[in-house]
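Asker: sharing a model prediction with you, sequence too.
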Amino acid sequence: MSRSSDSILDAVVVGGGPAGLNAALVLGRARRRVLLIDAGEPRNAASHAMHGFLSRDGLDPAELRRLGCCELKTYSNVQMASGLVEDVTMTVDGFDVLSSVGDVVSTRKLLLAVGIRDALPRIAGLAPLYGRSVFHCPYCDGWEVRDQPIAVLGDGSSAFRQALLLLSWSGDVVLCTHGSSGLQPEDRAQLVKEGIPVCEKRIARLRGRHGQLDCIVFEDGSSLERRVLFFHGATELSSSLPAKMGCVLTAAGRIQIDETGRTSVAGVYAAGDAARRTGQHPATQVILSAASGALAAIALHQELMQEDVGLPPVLLGAASVGTQSAEKDSQPGTHPAIRSSGIVQGVGR
Ligand SMILES: Cc1cc2nc3c(=O)[nH]c(=O)nc-3n(C[C@H](O)[C@H](O)[C@H](O)COP(=O)(O)OP(=O)(O)OC[C@H]3O[C@@H](n4cnc5c(N)ncnc54)[C@H](O)[C@@H]3O)c2cc1C
């Protein structure tokens, strides 16, 4: 293994989606030496238009990333590399980062912005329609398909919620559960009351052309004309690196962070879809990811300044919403879930 440089970087950002790019921007502007390494497989690769981002509504997500990279290139203290971070080892000074780029890079801090992956429902014909007429997020794509015949695919309480939610975008919503609905009787009654039929027939395939859904074909040979399908599917972290490094994960499999973006491993921060605070709303959006990247970068930078010149840490806690009971025994700024893991600041290295 060769070492790229004897001098240690201030931060390596893993992942170059909105969270990682914004984090690198903030750290670069704070005059820190930063390397961003990105494997180039963003979650929204199937999407052609990104919505809900002020001043960028409708932009191709690839164009957002290109613009972000262009801005970073103007900071000579920020480097970018295409590749996969494969392993990280802890050192006395911080971390050694091994990636497919080749050399081992030494850094004081690490910021994980690795994103998540969506598991597509295993239904024939669905994958080619994904991102064009099959979606998972009405806040991202609902406006464009307003008033159209919509199917919601899923079962149980999450499908119940999504079917009701979609009434905001169309009055013609059918819940297709692809087998037993798993609905509570009162939930089924509410769907019926709101004019949402529940179809429990098993789906054989989706039929469509050029990305446009035409109809859902059932195993019994019948079909249902629909222009749009929303599903609520499982997701997982895009990388096994956080778990490998010992970062505490949430019950939903995200990297547990505190209010500032610190993980349970000292010196490691996380942001974007991959990271969650306790009590955080599960919504995932580009603007939220970018914002969390900025916040984690600020906190990371201030930890560097604390080490370098004794900058006192920001005291958090009093302004946090819904953490009253936790605050009683709280060390300021440290999330209870992370404290209870016993691996706060310096321990766990
Ligand atoms: C089909 C679809 C449409 C969407 N539409 C919208 C929309 O209209 N508006 C909106 O606001 N949101 C939308 N979203 C959600 C949005 O895509 C995410 O919230 C956002 O991309 C999350 O940003 P991120 O930086 O956390 O992760 P990502 O954008 O997923 O970026 C993570 C990056 O990290 C890289 N990476 C992972 N592991 C490693 C590693 N070990 N080493 C190096 N690099 C690594 C990945 O390759 C990837 O490039 C959509 C999502 C999907 C799936």
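Answerer: It's in.

Asker: who in the stretch 51-200 of the chain is up against the ligand?
Answerer: By the rule Cβ under 6 Å from any ligand atom, the part of the stretch 51-200 of the chain lying against the ligand is 51, 52, 53, 84, 85, 113, 114, 115, 118, 131, 137, 140. In short, each C-beta sits where N, CA and C put it, glycine included.

Asker: poorly predicted segments of the stretch 1-150 of the chain, please.
Answerer: Low-confidence segments of the stretch 1-150 of the chain (pLDDT under 70): 1-6.

Asker: can you pull out the strands in it?
Answerer: 9-14, 34-38, 78-82, 85-90, 95-99, 104-112, 116-118, 134-135, 150-153 (DSSP state E, counting those that start in this stretch).

Asker: just send these back as CSV, with mean neighbour count too.
Answerer: Output for the strands of the stretch 1-150 of the chain, formatted as CSV (neighbours: other Cβ atoms under 10 Å):
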stretch, mean neighbour count
strand 9-14, 26
strand 34-38, 24
strand 78-82, 17
strand 85-90, 17
strand 95-99, 21
strand 104-112, 24
strand 116-118, 17
strand 134-135, 24
strand 150-153, 27
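
Asker: mind listing what residue 235 touches?
Answerer: 116, 117, 118, 119, 253, 273 (Cβ atoms under 8 Å, 6 or more residues apart in numbering).

Asker: flag the shaky bits of the stretch 151-300 of the chain, pLDDT-wise.
Answerer: Ranges of the stretch 151-300 of the chain meeting pLDDT under 70: none found.

Asker: and the strands in it, which stretches?
Answerer: 173-176, 198-199, 203-209, 212-218, 223-225, 228-231, 235-237, 255-257, 268-270, 275-277.

Asker: okay, those strands in a markdown table with distance to residue 146 next?
Answerer: Converted to a markdown table, the strands of the stretch 151-300 of the chain look like this (distance: least, Cβ to Cβ, whole Å):
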| stretch | distance to residue 146 |
| --- | --- |
| strand 173-176 | 12 |
| strand 198-199 | 22 |
| strand 203-209 | 19 |
| strand 212-218 | 16 |
| strand 223-225 | 17 |
| strand 228-231 | 10 |
| strand 235-237 | 26 |
| strand 255-257 | 35 |
| strand 268-270 | 35 |
| strand 275-277 | 30 |
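
Asker: closest to residue 18 out of the ones you listed?
Answerer: When the strands of the stretch 151-300 of the chain are compared by Cβ to Cβ, strand 275-277 sits nearest residue 18, at 12.8 Å.

Asker: residues making contact with the closest one?
Answerer: 112, 250, 252, 254-259, 261, 263, 282, 292, 296, 335.

Asker: just among these, which is most surrounded?
Answerer: Counting neighbours by other Cβ atoms under 10 Å, residue 112 leads the contacts of strand 275-277 with 33 neighbours.

Asker: for the ligand, give me its nearest residue in the stretch 101-250 of the chain.
Answerer: Nearest residue of the stretch 101-250 of the chain to the ligand, counting by Cβ to the nearest ligand atom: residue 115, 2.5 Å away.

Asker: how far does the longest helix along the chain sit from the chain's center?
Answerer: Taking DSSP state H as the criterion, the chain has its longest helix at helix 286-309. Relative to the centre of its chain, helix 286-309 is centred 17 Å away, using Cα atoms, centre = their mean, to the nearest Å.
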